[in-house]
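A.B. asks: Give me the fold of what follows.
(one chain, ligands or ions: 1)
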Amino acid sequence: MTEDNATGERGLKYGRVLLKLSGEALAGAHKTGIDPETVAAVCEEIGSVLDMGVEMALVIGGGNIFRGLSGSAKGMERSSADYMGMLATVLNALAVQDMLEKLGYPTRVLSAINMKEVCEPFIRRRALHHLEKGRVVICAGGTGNPYFTTDTTAALRGMELKCDAIIKATKVDGIYDKDPATNADAVKFDHISYEDTLRRRLGVMDATAFALVRDNHVPIIVCRMFGGDIKRAILGEPVGTIVREE
Ligand code: UDP
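C.D. replies: Now for the predicted structure:
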């Protein structure tokens, strides 16, 4: 997607985006597992974004089902625990695929771990082809490697699929100088540089993911999952926090 196409007829600032959701976004009030009503709400919100004509790759975490680190803290071998985490992301990807398609949006799940009965393998050129055809590319299975996270997956896929921005949709409406849940005087940034984010240890993404996006100058937008924030971000309206080169 070139800048001209992105900003042309459709009025979008970002014509192709990588949307990262944590697994918890699918869990609803239960905080674990997959809650169908929550999945429906998330997919309706994603659908309203797709209706603008944006090309979207989606990375969904697995923390609502299993995180490798918690497994290894309880004595599991770390790599085995991480593979379980990666498999959890496939469950989430299939749940979101099912709901998006029920809502009428074409999708493909492409997994970094081959599962040919269930989904396609992640092949970059194939993913690009799907995006060009207007299909939502759901990137499952993480990077396919233990010791990484789905933040790193989002950074990696965002770059190789030539996304104009990585949008991290969360419960919080942006990046604050301290945790807004526990500090009433926390101040939100409208924009912040990669360097300041690191210096202030704001923990937007894990260090590996952050280093990747910083070195490749991909903007990261942190905004709320619901309420139309993702749409506004893609239109270039001031919403959430944008991390970019100042
Ligand atoms: N994971 C991994 N390699 C990857 C991506 C994910 O090993 O490239 C594993 C890791 O154990 C991680 C789990 O999958 O804890 C689920 O991903 P993550 O914790 O990033 O999910 P989120 O917190 O976004 O729900």
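
A.B. asks: How much space separates residue 25 from residue 45?
C.D. replies: From residue 25 across to residue 45, the span is 10 Å (C-beta to C-beta, to the nearest Å). (C-beta placed from N, C-alpha, C; glycine too.)

A.B. asks: anything in contact with each of the two?
C.D. replies: residue 225 (C-beta atoms under 8 Å, 6 or more residues apart in numbering).

A.B. asks: okay, now the closest residue to residue 121 other than its chain neighbours: neighbour count?
C.D. replies: Closest residue to residue 121 apart from its sequence neighbours, by C-beta to C-beta, 6 or more residues apart in numbering: residue 114 at 5.1 Å. Neighbours of residue 114 under the rule other C-beta atoms under 10 Å: 13.

A.B. asks: what's the pLDDT at residue 114?
C.D. replies: For residue 114, the model assigns a pLDDT of 97.

A.B. asks: what's the distance between it and residue 99?
C.D. replies: Taking C-beta to C-beta, one finds residue 114 at 24 Å from residue 99.

A.B. asks: which of the residues in stretch 89-105 are buried?
C.D. replies: 89, 90, 91, 92, 93, 94, 95, 96, 97, 99, 100, 105 (16 or more other C-beta atoms under 10 Å).

A.B. asks: And stretch 162-181, by the same measure?
C.D. replies: Going by 16+ other C-beta under 10 Å, stretch 162-181 has these buried residues: 162-170, 172-176, 180.

A.B. asks: quick revisit: distance-wise, check the residue nearest to residue 121 relative to the ligand.
C.D. replies: Distance of residue 114 to the ligand, computed by C-beta to the nearest ligand atom, to the nearest Å: 15 Å.

A.B. asks: quick one on the thing from earlier: of residue 25 and residue 45, which one has the most company?
C.D. replies: A direct count of neighbours by other C-beta under 10 Å for residue 25 and residue 45 places residue 25 higher, at 24 against 19.

A.B. asks: The more buried one in helix, strand or coil?
C.D. replies: Classification of residue 25 using DSSP: H, G, I helix; E, B strand; the rest coil returns helix.

A.B. asks: just checking, it touches residue 224?
C.D. replies: No: using C-beta atoms under 8 Å, residue 25 is not in contact with residue 224, being 10.8 Å away.

A.B. asks: any shared contact partners between these two?
C.D. replies: residue 169.

A.B. asks: In contact with the spatially most central residue of the chain, which residues?
C.D. replies: In the chain, the centroid-proximal residue (C-alpha atoms, centre = their mean) is residue 20; its distance is 0.6 Å. Contacts for residue 20 were tallied using C-beta under 8 Å, 6+ apart; they are 58, 59, 60, 61, 150, 151, 154, 166, 167, 168, 169.

A.B. asks: what sits against the residue lying closest to residue 161 once chain neighbours are set aside?
C.D. replies: Leaving aside its sequence neighbours, residue 161 sits nearest to residue 57 (C-beta to C-beta, 6+ apart; 5.1 Å). Taking C-beta under 8 Å, 6+ apart, we find residue 57 in contact with 16-19, 127, 131, 136-139, 157-158, 161, 163.

A.B. asks: can you check residue 110 too?
C.D. replies: 119, 120, 121, 122, 123, 126, 127, 130, 137, 138, 139, 140.
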